Structure formats: structure tokens, C-alpha cells
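Enquirer: Sequence unavailable; structure follows:
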DNA sequence: GACCTGACTCAAC
DNA sequence: AGTTGAGCCAGGT
């Protein structure tokens, strides 16, 4: 299981209404310092099977998504995620 | 195989 | 509070 696969797998495992940051994903992947690679892998792979819209930046802002950040926000809200002024209110539970 | 890039993050200014 | 710089990792070219 390579880093890229782990990242994709973790992101795929993100439950509905749950939000993870790139850093969190990297930690879960086993590479707490590979956050750059996380976003990079997602972008290079941009696998639509992966809810990349559930992956946001540490500051809560949506990163850069191919489909459009606004759409991600709307989608996240529809999934039960709270959004406030382009900010994802993700509780680190 | 080396260099560059990127959907990032932290810290300082 | 916003912007800039430096740091880090893997993937892609």
C-alpha cells in the first residue's frame, strides 16, 4: 500500500458529514508530514470515486477543487456539514 | 534519476 | 488580520 493509495483509501472512508483536513489525512495515512503529497496525489489522481470535497485545509477553508469550491460547499452542507462564510465547520471528534 | 510542481501548513512580518 | 517566506512530501515531467 503506497502513500497515494492510502490517502485515497482514507479519503474514501470519510463518513458522510465528516470532514478531514489534508494534514489529518496525511497523519492517518501514516505520513504526518506528507500533507503536500496528499493534496498533490488527489489533484494528480482526481479520482471522482473519492469525496475529495470532504478534504479541506487546516484553516477550515476549502482547498482548490476541480468541480468548484462553491459546489463542494453546497454538497457538504447537503451532507450535514456546517459551512460558515466559505469556512467548513468541522469538529475534530 | 534529477528537477519542478502542487488541492498544504506553520510561522513570521 | 492579511500577506510572504520557508519547509515538507510524493507524483509528474
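Expert: Cool, got the structure. Values in this document were obtained by computation on a predicted structure and should not be read as measured data.
Enquirer: From residue A:89, how far off is whichever residue of chain A sits closest to DNA strand B?
Expert: Per C-beta to the nearest atom of the strand, residue A:43 is where chain A lies closest to DNA strand B, at 2.3 Å. Where you see a C-beta, it was placed from the backbone N, CA and C, and this is true even at glycine. According to C-beta to C-beta, to the nearest Å, residue A:43 stands 24 Å off from residue A:89.
Enquirer: just residue A:31 next, same as before
Expert: From residue A:31 to residue A:89 the distance is 26 Å (C-beta to C-beta).
Enquirer: So these two - more neighbours on which side?
Expert: residue A:31 (16 against 12; other C-beta atoms under 10 Å).
Enquirer: Residues in a beta bridge with the residue nearest the centre of chain A, which ones?
Expert: The residue lying closest to the centre of chain A (C-alpha atoms, centre = their mean) is residue A:55, at 1.0 Å. The partner list for residue A:55 in beta bridges (DSSP bridges) reads residue A:20.
Enquirer: and chain A, which of its residues are near DNA strand B?
Expert: A:21-23, A:35-40, A:42-43, A:45-46, A:52, A:55, A:57-59, A:63-66 (C-beta under 7 Å from any atom of the strand).
Enquirer: Run through those and flag the ones next to DNA strand C.
Expert: Counting by C-beta under 7 Å from any atom of the strand, the members of those near DNA strand C are A:35, A:36, A:37, A:40, A:45.
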